[in-house]
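**Student:** with the sequence up front, the predicted model follows.
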Number of protein chains: 2
Amino acid sequence: MEGEPTLRLRIFDLNCWAIRYLSRRRRERVRLIGDTLRQEGFDLVLLQEVWSEQDYSDLKVKLAGCYPFSHYFRSGIIGSGLCVFSRFPILDTLLYQYSLNGYPYMLQHGDWFCGKSVGLGSGSRAGVTAPLLSLSPQLHAEYCRDKDAYLPHRLVQAWELAQFIRHTSKAADVVLLGGDLNMHPEDVGIRLLRGWTGLRDAFAEATHFEGCKNGCTLVPDNCFTDKSELLPFPLGIRIDYILYKAISSFTVKCEELRTTTGRAPGVDIPFSDHEAVMATLHIQRQGQPAGATLGTADPALADVVTEARTEVGAGLQAARRQRYSSGRMAVLALLLLLLQAAAALGTLAGLGAEQPFPKLSFCLLAFLALGVLVLATGLHLFHTMEVKMLHGTEDQMWMVLRALQERP
Amino acid sequence: MEGEPTLRLRIFDLNCWAIRYLSRRRRERVRLIGDTLRQEGFDLVLLQEVWSEQDYSDLKVKLAGCYPFSHYFRSGIIGSGLCVFSRFPILDTLLYQYSLNGYPYMLQHGDWFCGKSVGLGSGSRAGVTAPLLSLSPQLHAEYCRDKDAYLPHRLVQAWELAQFIRHTSKAADVVLLGGDLNMHPEDVGIRLLRGWTGLRDAFAEATHFEGCKNGCTLVPDNCFTDKSELLPFPLGIRIDYILYKAISSFTVKCEELRTTTGRAPGVDIPFSDHEAVMATLHIQRQGQPAGATLGTADPALADVVTEARTEVGAGLQAARRQRYSSGRMAVLALLLLLLQAAAALGTLAGLGAEQPFPKLSFCLLAFLALGVLVLATGLHLFHTMEVKMLHGTEDQMWMVLRALQERP
């Protein structure tokens, strides 16, 4: 960064909650987001939950002048919902889809149908020679904090996200991560992610903060939030983050962090049910390379990994139980079908004097058994895969724990 | 590598074809593979198609003495089948599952059920300070070369593999890739992979070669190969590769490449239906860093990417057609169901004088319609996801093409 001691980078992050037909006042809000982004002129915009490609295209057209570079990450059945707008060139992109993301039969939660992923865009900015890595992840939502059935899946995602960052960021100057992580700051998943990658929290590090108390991004003041969900948290919760770190010979400082406060600036509706997070970072070249600081040397890291591994282990037990019961159900349905087939064949061969059941009930029962067989087999296969992924993550965590313990 | 000018690395790569209940003489062959690996003492062993965890565990126990470090990559319903045995520590692992991998309804091909992925193990060896990256990928099989319905999927996988290597290898000293790529050396997928990553082919670069003619790894001499598949190729085909490159201040040379020749050394059966590939590499530290050579500067690269993009585009068209027809089928089934419901309600309400159909046929038809509806909806969702991934890959390729064309 010769002749330019500091690069000032303004980042905007928002979970847009733009689900076609379901999100209230979606088109109006997307227009508003576009207008604000055009006026404010950020350097980097990380958006989540832009589920409709049409919304992305509209934003792209509107923002072409001030954000000439953009990328929409496609994945899953509905999409990843992730997109990036940037004032500087996006040189390359990569999408990593989490291996676990809820259950297909939990239709009311719907996470499984979204290709929840982390999108990586690497770019370079005059001065920062090696790539600047920006990630926009979204993790599985938490629907019930007291009895969080998705915790193991979210931990697998946090772990995969951390591993993905570690492996892809080794030659980057700066790593930026902005997104809805669906985890509170003190949750094991966020401690794992931060501990294992060495990422720093812009809210905790910011010299100047302005916005909702405690940096909350899901607040009761927002007219779109579900008030009953926020009852235990009268101030709201913080689940949207901007995290960052410098890898090579750079330092990053967060000069300012802002959030919206229940409505977009100057109008009476909010951008989304989440608050937007805006950070101003100062990136400066250091005299000498800082060396690869992939993870923190925090002695508490082993404890965090152990805690996460215990939760993943509990999830593994549950998944094994579900695999077993769906398998048993499939076997029972198959037995019933075979029994019926034997009875039908027996009647056809004239062994039984008369058909003991009325034809209609017999047929209905067969179809029911067939339906249960198909469904239970599908579930069994799904839980087999779940077991594999949870087991794999547990293994990886164990490998890391061993390495951490061997480290002097 | 001070005081030790050259690191000699011996690598073994094999597609083990170890499918429980299906692969012939599996247990005998796995034992044989274990015995050979123990005797030969390679530095790094990359195995594919070890579908049974029990086989991996058996190998692990047998090889604990000479390969103290190993990892089994878990994914998908059946598994990834990938495992790595190493004489030097495996510091970290990462699994990337390809976003497309055939069709769930092509049960006879079964690729969809395997979590085909690339497993990355990074390790370090005395002298090579930064990680040594070894990958063990397996791509979708080719079942019919003349009318290869899976080509777009294999190209997406080759592209994702190349992108994964580019993004994860930036700080590695050396990248090693060994595996069954299911592509002939002149295929567009392999040209894409090599061109976009800069990986070099051990067979083409080896100073000394010993083994099947043209380095073939699927040969008619092997008693397990399907002879009819190899009819157009009397010498066999080469689809298993060891590829490598040096990233930072190292050079890699392939001293020797060997393949087995239809049977394992000293016995009368082969290790697998594939031949094993064994390479001896010399890794040497250079005087000065070579700089990041992520891709080749080959002017033909743009042509290869264009060719691949055309194929992916054709796949996208086909996927869109399938999405449309499955959607139409679902709508027709739904209409039939609604019609039946209306007729049934009409009869119940006494509108029709008499039930026009026999009850049994009426029920059977309803179940049939329901079955078609569920199946067609599932297919529609699947093809929607396929369209998303093919479209995403096409987009990424376009971004790369633009960057290649802008490059001086």
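**Tutor:** Yes, it's here. Because the structure is a prediction, the values reported are computed rather than measured.
**Student:** okay, strands next: where are they in the stretch 201-350 of chain A?
**Tutor:** A:208-210, A:240-246, A:250-259, A:277-285 (DSSP state E, counting those that start in this stretch).
**Student:** mean neighbour count, distance to chain B and mean pLDDT added to the ones you listed, as CSV?
**Tutor:** C-beta: built from backbone N, CA, C; applies to glycine. Formatted as CSV, these follow (neighbours: other CB atoms under 10 Å in any protein chain shown; distance: least, CB to the nearest CB, whole Å; pLDDT from 0 to 100):
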stretch, mean neighbour count, distance to chain B, mean pLDDT
strand A:208-210, 13, 33, 95
strand A:240-246, 25, 15, 92
strand A:250-259, 20, 15, 92
strand A:277-285, 22, 18, 91
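**Student:** looking at those, which is nearest to B:Tyr241?
**Tutor:** strand A:240-246 (36.2 Å; CB to CB).
**Student:** list the contacts for the closest residue to chain B within the stretch 251-400 of chain A?
**Tutor:** The stretch 251-400 of chain A approaches chain B most closely through A:Gly392 (3.6 Å), counting by CB to the nearest CB. Applying CB atoms under 8 Å, 6 or more residues apart in numbering or on different chains, we find A:Gly392 in contact with A:Ser99, B:Phe73, B:Arg74, B:Ser75, B:Leu95.
**Student:** three-state assignment of it?
**Tutor:** Following DSSP: H, G, I helix; E, B strand; the rest coil, we place A:Gly392 in the helix state.
**Student:** hmm, back to that, let's have the contacts of A:Gly392 in CSV, adding secondary structure, distance to B:Phe362 and pLDDT.
**Tutor:** Listed next are the contacts of A:Gly392 as CSV, based on DSSP: H, G, I helix; E, B strand; the rest coil; distance: CB to CB, whole Å; pLDDT from 0 to 100:
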residue, secondary structure, distance to B:Phe362, pLDDT
A:Ser99, coil, 44, 78
B:Phe73, coil, 51, 87
B:Arg74, coil, 48, 83
B:Ser75, coil, 45, 78
B:Leu95, strand, 50, 81
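**Student:** and which of the residues you listed is nearest to B:Val331?
**Tutor:** A:Ser99 (32.8 Å).
**Student:** mind listing what the closest one touches?
**Tutor:** A:Val156, A:Glu160, A:Met389, A:Gly392, B:Ser75, B:Leu95, B:Gln97 are the contacts of A:Ser99 under CB under 8 Å, 6+ apart.
**Student:** what's whichever residue of the stretch 1-150 of chain A sits closest to chain B sitting at in phi/psi?
**Tutor:** When scored by CB to the nearest CB, the stretch 1-150 of chain A has A:Arg74 as its residue closest to chain B, at 3.6 Å. The phi/psi pair for A:Arg74 (degrees, to the nearest 10) reads phi -100, psi 130.
**Student:** what parts of the stretch 301-408 of chain A come near chain B?
**Tutor:** A:359-360, A:363-364, A:367, A:381, A:384-385, A:388-389, A:391-392, A:395-396, A:399-400, A:403 (CB under 8 Å from any CB of the partner chain).
**Student:** follow-up on the earlier one: ok, the contacts of A:Ser99 vs B:Gly313, which is closest?
**Tutor:** Looking across the contacts of A:Ser99 and measuring by CB to CB, the closest to B:Gly313 is B:Gln97, at 23.7 Å.
**Student:** re the thing from before, will you turn the strands of the stretch 201-350 of chain A into a markdown table that also has distance to B:Ala330?
**Tutor:** A markdown table is the format used below for those (distance: least, CB to CB, whole Å):
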| stretch | distance to B:Ala330 |
| --- | --- |
| strand A:208-210 | 51 |
| strand A:240-246 | 37 |
| strand A:250-259 | 43 |
| strand A:277-285 | 41 |
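**Student:** A:Leu37 is nearest to which of those strands?
**Tutor:** Of all the strands of the stretch 201-350 of chain A, it is strand A:277-285 that lies closest to A:Leu37, at 10.7 Å by CB to CB.
**Student:** can you list the contacts of A:Gly392 in TSV and add distance to A:Leu177?
**Tutor:** Listed next are the contacts of A:Gly392 as TSV, based on distance: CB to CB, whole Å:
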residue	distance to A:Leu177
A:Ser99	19
B:Phe73	25
B:Arg74	26
B:Ser75	24
B:Leu95	21
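**Student:** and A:Phe271, how many residues sit next to it?
**Tutor:** Neighbour count of A:Phe271, defined by other CB atoms under 10 Å in any protein chain shown: 25.
**Student:** and if you look at A:Gly266?
**Tutor:** 9.
**Student:** got phi/psi on it?
**Tutor:** Taking degrees, to the nearest 10 as the convention, A:Gly266 sits at phi 80, psi 0.
**Student:** ok, now which ones touch it?
**Tutor:** Neighbouring residues of A:Gly266 by CB under 8 Å, 6+ apart: there are none.
**Student:** so for it, what pLDDT did the model give?
**Tutor:** Per-residue pLDDT puts A:Gly266 at 84.
**Student:** and it, how far from A:Thr260?
**Tutor:** The gap separating A:Gly266 from A:Thr260 is 11 Å, by CB to CB, to the nearest Å.
**Student:** could you list the low-pLDDT ranges of chain A?
**Tutor:** A:1-5, A:102, A:105-119, A:121-146, A:287-298, A:351-357, A:407-408 (pLDDT under 70).
**Student:** for the longest strand anywhere in it, which residues meet the burial criterion?
**Tutor:** The single longest strand within chain A, with elements called by DSSP state E, is strand A:6-18. By neighbour count, with 16 or more other CB atoms under 10 Å in any protein chain shown as the criterion, the buried positions of strand A:6-18 are A:Leu7, A:Leu9, A:Arg10, A:Ile11, A:Phe12, A:Asp13, A:Leu14, A:Asn15, A:Cys16, A:Trp17, A:Ala18.
**Student:** mind listing what the fourth one touches?
**Tutor:** With contact set as CB under 8 Å, 6+ apart, A:Ile11 has these partners: A:Phe42, A:Asp43, A:Leu44, A:Val45, A:Leu46, A:Leu176, A:Gly178, A:Ile242, A:Met278, A:Ala279, A:Thr280, A:Leu281.
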